[in-house]
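with the sequence up front, the predicted model follows.
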Amino acid sequence: MAAVTTEKHGSVLVATANNPPVNALSADVRVGLDAAIKEAAADPEVTAVVIACAGRTFFAGADITEFGKPPVEPWLPELVDRIERSEKPVVAAIHGTALGGGLEVALGCHYRIAVPSAKLGTPEVKLGLLPGAGGTQRLPRLANVELALKLVTSGNPIGAKEGQAAGLIDRLASEDGLLDEAIAFAREVADSRPLPRARDKTASAEPGQFDAFRQANARAFRNQHAPENNIKAVEAAVSLPFDEGMAKERELFMQLMFGTQSAALRHIFFAERKAAKIDGIDDDITLRPINRVGIIGAGTMGGGIAMNFLTAGIPVTIVEMQAEALERGTGTIRKNYEATAAKGRMSAEQVAGAMGALSPTLDFDKLAECDLIIEAVYESMEVKKEVFTRLDKIAKPGAILASNTSYLDINEIAAVTSRPQDVLGMHFFSPANVMKLLEIVRGDKTADDVLATAMALAKTIKKVAVVAGVAYGFIGNRMLMPRQVEAMKLLMEGATPEQVDRVHTEFGMPMGPFQMSDLAGVDIGWHRDPARIENVRDALCSAGRWGQKTGKGFYDYDEKRRPTASAEVQSIIDEFSARSGSVKREVTDEEILERTVYPMINEGALILAEGKAQRASDIDVVWIYGYGFPPYKGGPMFWADQEGLGKIAAGLEKHGFEVAPLLREKADANGRFNK
Ligand code: T1G
């Protein structure tokens, strides 16, 4: 099937692209569109052109799979220019998501008609790029600088109605009449001259508008190259004539295209999608129907997990042992939804719908109606075994039994049931209704359809899921442990919590190891015996320094939870440092980075070698979506590849670590974790 077909509807030539799944503007599509414009120009009967797309969406952008390969003509900016220079009006018929180069094609057209459900966006910044086919020059001219800056630096789409209000869309079509209405629109404008072209308009800005925008977004854009280049390109649209602005856009685009940050972001784009594929299981395996989900435990995790399904329209039965805990849990769910509604991100009806789909109960047997049951009870193997023993007796045949455990052995839990094939781990990250990562832990006996059902469900509840093998801490938490151990050792040698955390936030992490410990709770895993003080953590917990929840942990916190260094903590550290016989010294930032990040990569190599992660890019996805690893660094394994595995191995050896065999092997071969 040709990538673009043309058909005359009277005097209107309709060019329809068909490049599933998202009509990416591949070379074939570009050649086809170019031919259609030439065909229209050569045919005296043709008075106007409509560019449309078959399938689910208008062009969703340039074809990202072509990046890094030798460019094939016509290049997209050139094609958009030819469309705009057409002597006959070209109308874009937009449905689905007109994104990136797709929106740029539409902006090169003389008119744009869209269905109300269509979305317009320039997500290039999320790939570390900028709209490189004239988007930064046409958006400010057709709409305004403020909207252009918002679109190109956020990467988030706007709806067709907002687009129309801003001047990007000329007309809204009915949802099921787009093509006919586009053809009628083309007929209507066939003779109107001069043709409206973005390049003939000018863009203007308020004095200081760009710098004010930079300041307002400094924190969000920190360490990233793409946002600033996007701003510079829009500035050029105001300060330069169109063709010079286009040249500036190209220069700024090429800087990004060949930078490491875009390579990292494009890696993550594909890694996130690859993570959803389970090696050895057919994509068309029959999934188990999930019509009702049971959650055991209405605490922070149980309530957050429940919200994921309620928001996706899946009824939930939530079970607690005590009425008071159940009341508190369902109250928290309602409060969270109401807070979301207050921000305008949900309507009151949606809140009512979600809460209406929640069935709180003290009756454990009610779980017999559920197709998937997730336990989110206390992190103790004994407690979990007890729960699964009970579940085995009451859950219906074929129900999937999942544990939300963060560390524990799924095989051991499955073994207490008569149905280990129906058991797996679904490890959500707190807050479970917010964090996108879901580790799906595959037990030795987990059935393929159970695993595939959980993976498909993850997409339904808008999670990014990664399959993990059974090992203490699975993937993310397993890599976190050596980092935390080393961070504590560095305190004994003279580093401070502030310094260690600063190194990590400067690296791009949202917070450092000690800030994270205070957020999660210094007391997690503490033996709870205040008289037993064997290390810094025991001393902090015994002193009531449990973290943000008690107003103090490694840091002191004010009423707004802003951290300040604590003299009491420093004296505890100094005391244990003296006891450990460590000689306090100046610890450099570089040493801190090497001793806390390299061991994570080493652990990642062990995870890969043991087959506990399907691929290195899955580990990258875990860290970006579960722990806020900076996406513009591509994840720990991608970043290690960029640093050079030889450098990582040498750094580990320098600090006395045993280099994982797979890392050593790849370092010696000058290899990479990610292909
Ligand atoms: N190029 C190539 N493949 C793409 C693609 C693209 N632009 N977008 C999606 N795919 C593949 C994706 O890898 C997956 O493949 C399948 O399509 C379904 O995608 C010059 C330079 C459109 C909102 O950044 O945001 O234009 O895994 O699973 O959840 O200025 O895809 O099935 O083999 O995501 O329904 C700008 C990226 C490019 C849009 C649909 N455009 N795509 O979401 O499906 S740069 C983008 C998306 C650019 C110009 C610049 C989403 C979607 P597979 P999916 P979805």
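Structure's in. What do you need?

contacts only, for Lys277.
For Lys277, the contact set (C-beta atoms under 8 Å, 6 or more residues apart in numbering) comprises Asp283. No exception for glycine: its C-beta is placed from N, CA and C like everyone else's.

do you know the pLDDT at it?
Lys277 is assigned 96 on the pLDDT scale.

and it, which of the three is it?
Secondary structure for Lys277, judged by DSSP: H, G, I helix; E, B strand; the rest coil, is coil.

for Ala263, same thing?
Three-state assignment for Ala263 (three-state DSSP): helix.

any idea how far Gly628 is from it?
As defined by C-beta to C-beta, to the nearest Å, Ala263 lies at a distance of 20 Å from Gly628.

which of these two has more neighbours?
Neighbours were counted for Ala263 and for Gly628 using other C-beta atoms under 10 Å; Ala263 has more, 19 against 14.

residues contacting that one?
Gly128, Gly634, Gln642.

ok, now Ala306?
Val293, Ile295, Ala298, Val316, Ile318, Ile333, Leu358.

6 Å instead?
Ile295, Val316, Ile318 (C-beta atoms under 6 Å, 6 or more residues apart in numbering).

whichever of these end up buried, select them in ChimeraX.
Buried residues within the contacts of Ala306, by 16 or more other C-beta atoms under 10 Å, are selected in ChimeraX with:
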select :295,316,318
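
and the residue of the stretch 101-250 of the chain at minimum distance from the ligand, how many neighbours?
For the stretch 101-250 of the chain and the ligand, the shortest gap (C-beta to the nearest ligand atom) falls at Gly101, measuring 3.4 Å. Here the number of neighbours of Gly101 (other C-beta under 10 Å) works out to 29.

how much space between it and Ala52?
16 Å.

what's the answer for Gly128, then?
Applying C-beta to C-beta to Gly128 and Ala52 gives a distance of 30 Å.

inside strands: which ones of the contacts of Ala263?
Using DSSP state E, no member of the contacts of Ala263 falls in strands.

so how do I select the buried members of those residues in PyMOL?
Applying 16+ other C-beta under 10 Å to the contacts of Ala263, the buried members can be selected in PyMOL as follows:
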select buried, resi 128+634
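
among the contacts of Ala263, which are within reach of the ligand?
With the criterion set as C-beta under 6 Å from any ligand atom, no member of the contacts of Ala263 is near the ligand.

enumerate the residues of the stretch 151-300 of the chain near the ligand.
Arg273.

which residue ranges form the strands in the stretch 151-300 of the chain?
Listed in chain order, the strands of the stretch 151-300 of the chain (DSSP state E, counting those that start in this stretch) span 158-159, 171-172, 293-296.

all helices for the stretch 151-300 of the chain, in order.
Taking DSSP state H, counting those that start in this stretch as the test, the helices found in the stretch 151-300 of the chain are 160-166, 178-189, 209-216, 218-221, 226-239, 242-257, 260-274, 300-311.

scratch that, the stretch 501-650 of the chain
Going by DSSP H, counting those that start in this stretch, the stretch 501-650 of the chain shows helices at 513-520, 536-542, 567-580, 589-609, 616-627, 636-643, 645-654.

list the contacts of the second one.
Same thing as helix 536-542. For helix 536-542, the external contacting residues (C-beta under 6 Å, 6+ apart) are Val522, Asp523, Trp526, Pro530, Ile533, Ile572, Ile573, Phe576.

10 Å instead?
484, 488, 491-492, 497, 517-518, 521-533, 535, 545-547, 550, 552-554, 566, 568-569, 571-573, 575-577, 580 (C-beta atoms under 10 Å, 6 or more residues apart in numbering).

and for stretch 340-354?
By C-beta under 10 Å, 6+ apart, stretch 340-354 touches 306-307, 309-313, 316, 333-334, 336-339, 356, 433.

which one of the residues you listed sits closest to Asn670?
Here the nearest of the contacts of stretch 340-354 to Asn670, counting by C-beta to C-beta, is Asn433; it sits at 43.9 Å.

name the SS class of that closest one, please.
When classified by three-state DSSP, Asn433 comes out as coil.

how many other residues sit next to it?
Asn433, neighbours per other C-beta under 10 Å, totals 21.

wait, it sits on Ile295?
No: counting by C-beta atoms under 10 Å, Asn433 does not reach Ile295; the two are 12.0 Å apart.

so what touches stretch 415-423?
288, 372-373, 384-393, 395, 397-403, 409-411, 413-414, 441, 443-450.

please redo it, this time with the cut-off set to 6 Å
Taking C-beta under 6 Å, 6+ apart as the rule, stretch 415-423 contacts Lys385, Phe388, Thr389, Asp392, Ile400, Leu401, Ala414, Gly443, Lys445, Ala447, Val450.

swap in stretch 483-495?
Contact with stretch 483-495 is made by 500, 513, 573, 577, 580, 582, 584-585, 587, 592, 595-596, 599-600, as judged by C-beta under 6 Å, 6+ apart.

as a markdown table, those with pLDDT, neighbour count and distance to the ligand would be great.
Listed next are the contacts of stretch 483-495 as a markdown table, based on pLDDT from 0 to 100; neighbours: other C-beta atoms under 10 Å; distance: C-beta to the nearest ligand atom, whole Å:
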| residue | pLDDT | neighbour count | distance to the ligand |
| --- | --- | --- | --- |
| Val500 | 98 | 25 | 36 |
| Pro513 | 97 | 24 | 33 |
| Ile573 | 95 | 23 | 46 |
| Ser577 | 91 | 17 | 50 |
| Ser580 | 86 | 13 | 51 |
| Ser582 | 84 | 14 | 50 |
| Lys584 | 86 | 13 | 50 |
| Arg585 | 93 | 9 | 48 |
| Val587 | 97 | 18 | 42 |
| Ile592 | 98 | 23 | 35 |
| Arg595 | 98 | 26 | 37 |
| Thr596 | 98 | 24 | 33 |
| Pro599 | 98 | 23 | 32 |
| Met600 | 98 | 23 | 27 |
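
residue contacts, Leu408?
Contacts for Leu408 (C-beta under 6 Å, 6+ apart) come out as Met381.

can you do 8 Å?
Leu408 is in contact with Glu379, Met381, Lys384, Tyr472, counting by C-beta under 8 Å, 6+ apart.

may I see the residues you listed organised as TSV, with pLDDT, distance to the ligand and secondary structure added?
Compiled in TSV, the contacts of Leu408 are given as follows (pLDDT from 0 to 100; distance: C-beta to the nearest ligand atom, whole Å; DSSP: H, G, I helix; E, B strand; the rest coil):
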residue	pLDDT	distance to the ligand	secondary structure
Glu379	87	33	coil
Met381	94	37	helix
Lys384	95	34	helix
Tyr472	93	31	coil
